[in-house]
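Chemist: Pasting the sequence and the predicted coordinates here, then a few questions.
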Amino acid sequence: MNKFFIRLLINGLAFYAAVSLIPGITALSANPVNYLLLALIFGILNALVKPVLKFLTCPFILLTLGLFTLLINTGLFYLTGWLGRQFDYGFTISGFWPAFLGALVVSVVGMIGEMVFRDELKDRRHQPRKRK
């Protein structure tokens with residue numbers, strides 16, 4: 001459960017960075033809880049929708065050598081903002097390029113966060129115990 005909260009915080013910071021850095025992305029509210037709720041929506045979409053999209057677009061992913069996954073991430077970023085707006089804590093995106101850059105920022109900040117918290121996110125159940 002600790003891993004879940006660490007990933008939620010990382011994604012919340014990633015959404016805050018995307019809204020702060022990319023012109024064309026405007027948050028409806030600056031409340032930090034809203035960014036955590038957006039991170040939760042994004043995590044649910046990544047768990048449920050992204051695998052289906054990757055399966056359905058597998059030929060395009062192979063044809064573009066994986067670059068089509070950037071478009072999938074852009075769509076999920078846009079969908080996260082739209083779903084958040086339905087509950088009054090999302091963000092608005094003014095076009096494709098802000099959504100694309102926002103998805104890139106979320107991905108990069110997420111990767112950096114995963115590297116920083118690598119030890120806390122390890123699955124310790126399958127590691128051999130050290131003998132004394």
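Modeler: Perfect, thanks for sending it. Residues are numbered from 1 along each chain as shown.

Chemist: wait, F77 sits on A99?
Modeler: Yes: under the criterion of Cβ atoms under 8 Å, F77 makes contact with A99 at 5.6 Å. Backbone N, C-alpha and C define where each C-beta goes, glycine included.

Chemist: what's the distance between stretch 26-33 and the middle of its chain?
Modeler: Offset of stretch 26-33 from its chain centre (Cα atoms, centre = their mean, to the nearest Å): 16 Å.

Chemist: residues making contact with that stretch?
Modeler: Here stretch 26-33 makes contact (Cβ atoms under 8 Å, 6 or more residues apart in numbering) with 12, 16, 19, 34-35, 84-85, 88-92, 94.

Chemist: need the residues you listed in CSV with distance to C58 and secondary structure, can you?
Modeler: Listed next are those as CSV, based on distance: Cβ to Cβ, whole Å; DSSP: H, G, I helix; E, B strand; the rest coil:
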residue, distance to C58, secondary structure
G12, 31, helix
Y16, 33, helix
V19, 32, helix
N34, 34, helix
Y35, 32, helix
G84, 29, helix
R85, 30, helix
D88, 36, coil
Y89, 34, coil
G90, 30, coil
F91, 30, strand
T92, 32, strand
S94, 31, coil
